[in-house]
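Engineer: how does the following fold in three dimensions:
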Amino acid sequence: MKKEINIAVIGLGYVGLPLFCLLSKYFPCIGIDKDTVRVTQLKDGVDYRECENQHNIKMALQRSLLTSTYSDLTECNVFFVCIPTGIDENKLPELEPLKNVCKSLGEILKRGDIVIFESTVFPGATEELCIPILEKYSMMKVNEDFSVGYSPERINVGDDCHRIVSTPKIISASNIESLNVMRDIYSTILDAPVIEASSIKIAETAKMYENVQRDVLIALANEYADFCKSEGININEVTECAASKWNFAKVYPGLVGGHCIGVDTYYLMKRAKDKKQSLNLVQTARHINEAESKKVATRIKDYAVFINAQRILLLGFSYKANTPDCRNTKVADVYNELKQHCLVVDCFDPLVDTKKVSKDYGISIIHSKEEVQTDYDLVVQLVNHNVFNEMGFADATFIKLKDLL
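Structural biologist: This is a model prediction of the structure:
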């Protein structure tokens, strides 16, 4: 590379922390997060969210620094923005965190700096939202004084196979010089291909397409599962048989939560509405998947009535197996629906942060096996944590989520 690279990673969550650890192997790096408690914990190698393993964090800290103060980034010249982009209570894009980061970065930007966004956004957001804020607070112009890039994250929480280092990376930039720098950086840290998009908007839209396609396919599986149920046959066996054909997408029905699929579609739908474009299939798929949690709760309630179950235990609260990540978990919807109709409904998940669940959802979670009572009538496993395989409920009726779909 033509100039010395000094990197800052903004946001040390599921995207930013693994990227920080990987970049630190090759470049001087500073990680920044507004959560001062989290930064303090990470400095001790403690990551309760399990975004990265302790060994990698401690190795990174031998070469790099962590902070909560933007003034500590003044020597950096390449900035990776990895903050979460969520939705509000009206399911509209929640963009204030991204705007605030752009404002803080703008105040410290220097000539020649590059800002690379990895956060998922709607097509056009980088150029129409982020760049104007950077220009305003830096009092500089993009491509004259500083550059911008976009490379969508492809983190799959809890997946030990598809890690950053082995996942192909899409890159795009506001000019060829910054694109070259991005290619050099990502090629250095990855063992996977780097794909150059012809524009930032292409890269943004590709990320949207990845997640929306998944949402639509799961919606199809959920709808087809209902059809199979009406025929008295099992959707999972149907899927296994169909998957023997080479071009069949092997997707199973389920609850769609988490930080990507159940969120990003709303970014696309808002953008399409602004453009006066109809996305009927996408909207229908989102409606189907949003309704799935109430459908599951109704089936649990009906089964509880059938067997005269008064005390119900739900196993798992996170949005997917073997991770503490509870963002947009649909188990919360199932729990709240059941609480309206059933005498006793408890939820056990030893992986999640119970204080955070209580704060975010107002739900009290059982966290240790010792606290789990033995007098439940019905136990429903909604999340396939491995730890549940070691548990037995001899005196209760036991069913899994797949039995309800």
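Engineer: all contacts plus neighbour counts: C-alpha atoms, from now on.
Structural biologist: Fine.
Engineer: quick one: low-confidence ranges for the stretch 1-150 of the chain?
Structural biologist: Within the stretch 1-150 of the chain, the ranges that satisfy pLDDT under 70 run 1-2.
Engineer: show me where it has its strands.
Structural biologist: Remark: strands assigned in the stretch 1-150 of the chain by DSSP state E, counting those that start in this stretch are 7-10, 29-32, 65-67, 78-81, 86-87, 93-94, 114-117, 147-150.
Engineer: Q277 - how many residues pack around it?
Structural biologist: For Q277, the neighbour count with other Cα atoms under 10 Å is 11.
Engineer: so it is in which element?
Structural biologist: Assigned by DSSP states H and E, Q277 falls within no helix or strand.
Engineer: again with the one 5 residues further on
Structural biologist: Element membership for V282 (DSSP H and E) is helix 280-306.
Engineer: ok, D264 next?
Structural biologist: Counting by DSSP H and E, D264 is part of helix 261-274.
Engineer: now do that helix: which elements does it pack against?
Structural biologist: In terms of contacts (3 or more Cα pairs under 8 Å, 6 or more residues apart in numbering; DSSP states H and E), helix 261-274 is packed against strand 86-87, strand 93-94, helix 200-231, helix 280-306.
Engineer: which residue packs closest to I108, ignoring adjacent ones?
Structural biologist: T74 (6.2 Å; Cα to Cα, 6 or more residues apart in numbering).
Engineer: I'd like to know how far that neighbour sits from N56.
Structural biologist: As judged by Cα to Cα, to the nearest Å, T74 and N56 stand 25 Å apart.
Engineer: who has more neighbours, these two?
Structural biologist: A count of neighbours by other Cα under 10 Å puts N56 above the other of T74 and N56, at 17 against 14.
Engineer: mind putting the helices and strands packed on helix 261-274 in CSV, mean neighbour count included?
Structural biologist: Below are the helices and strands packed on helix 261-274 laid out as CSV (neighbours: other Cα atoms under 10 Å):
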stretch, mean neighbour count
strand 86-87, 20
strand 93-94, 19
helix 200-231, 19
helix 280-306, 17
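Engineer: which residue would you name as the spatial centre of this structure?
Structural biologist: H259 (3.1 Å; Cα atoms, centre = their mean).
Engineer: please identify which helix or strand holds it.
Structural biologist: Following DSSP H and E, one finds H259 outside all helices and strands.
Engineer: now I171: how far from L12?
Structural biologist: Look at I171 and L12: by Cα to Cα, they are 21 Å apart.
Engineer: meant to ask about A173, not that
Structural biologist: Taking Cα to Cα as the measure, A173 falls 23 Å from L12.
Engineer: beta-bridge partners for the closest residue to K110 other than its chain neighbours, please?
Structural biologist: Excluding the flanking residues, the one nearest K110 by Cα to Cα, 6+ apart is F146, at 7.2 Å. Note on F146: beta-bridge partners V142, judged by DSSP bridges.
Engineer: how many other residues sit next to F146?
Structural biologist: Neighbour count of F146, defined by other Cα under 10 Å: 21.
Engineer: again, but for S318
Structural biologist: 28.
Engineer: hang on, it packs against C347?
Structural biologist: No - contact status for S318 versus C347: not in contact, 10.8 Å apart, counting by Cα atoms under 8 Å.
Engineer: how about the contacts made by the residue nearest to R38 when sequence neighbours are not counted?
Structural biologist: Nearest non-adjacent residue to R38, counting by Cα to Cα, 6+ apart: D47, 7.8 Å away. Taking Cα atoms under 8 Å, 6 or more residues apart in numbering, we find D47 in contact with 38, 41, 53-54.
Engineer: show the buried residues in the residues you listed.
Structural biologist: R38 (16 or more other Cα atoms under 10 Å).
Engineer: which two in the contacts of D47 are spaced the farthest apart?
Structural biologist: Farthest-apart pair in those is R38 and N53; separation 14.9 Å (Cα to Cα).
Engineer: if we can go back for a sec, quick one: the helix holding D264 to helix 200-231, angle?
Structural biologist: 120 degrees (axes from the mean of the first three to the mean of the last three Cα atoms, to 10 degrees).
Engineer: so helix 261-274 versus helix 280-306, what angle?
Structural biologist: Using the same axes, to 10 degrees, helix 261-274 lies at 140 degrees relative to helix 280-306.
Engineer: okay, buried residues for helix 261-274 please.
Structural biologist: By neighbour count on 16+ other Cα under 10 Å, the buried set for helix 261-274 is 261-271.
Engineer: can you give me the helices in the stretch 51-200 of the chain?
Structural biologist: 54-61, 96-106, 125, 131-138, 176-189, 200-231 (DSSP state H, counting those that start in this stretch).
Engineer: if anything else comes up later, I'll come back, but that's it for now.
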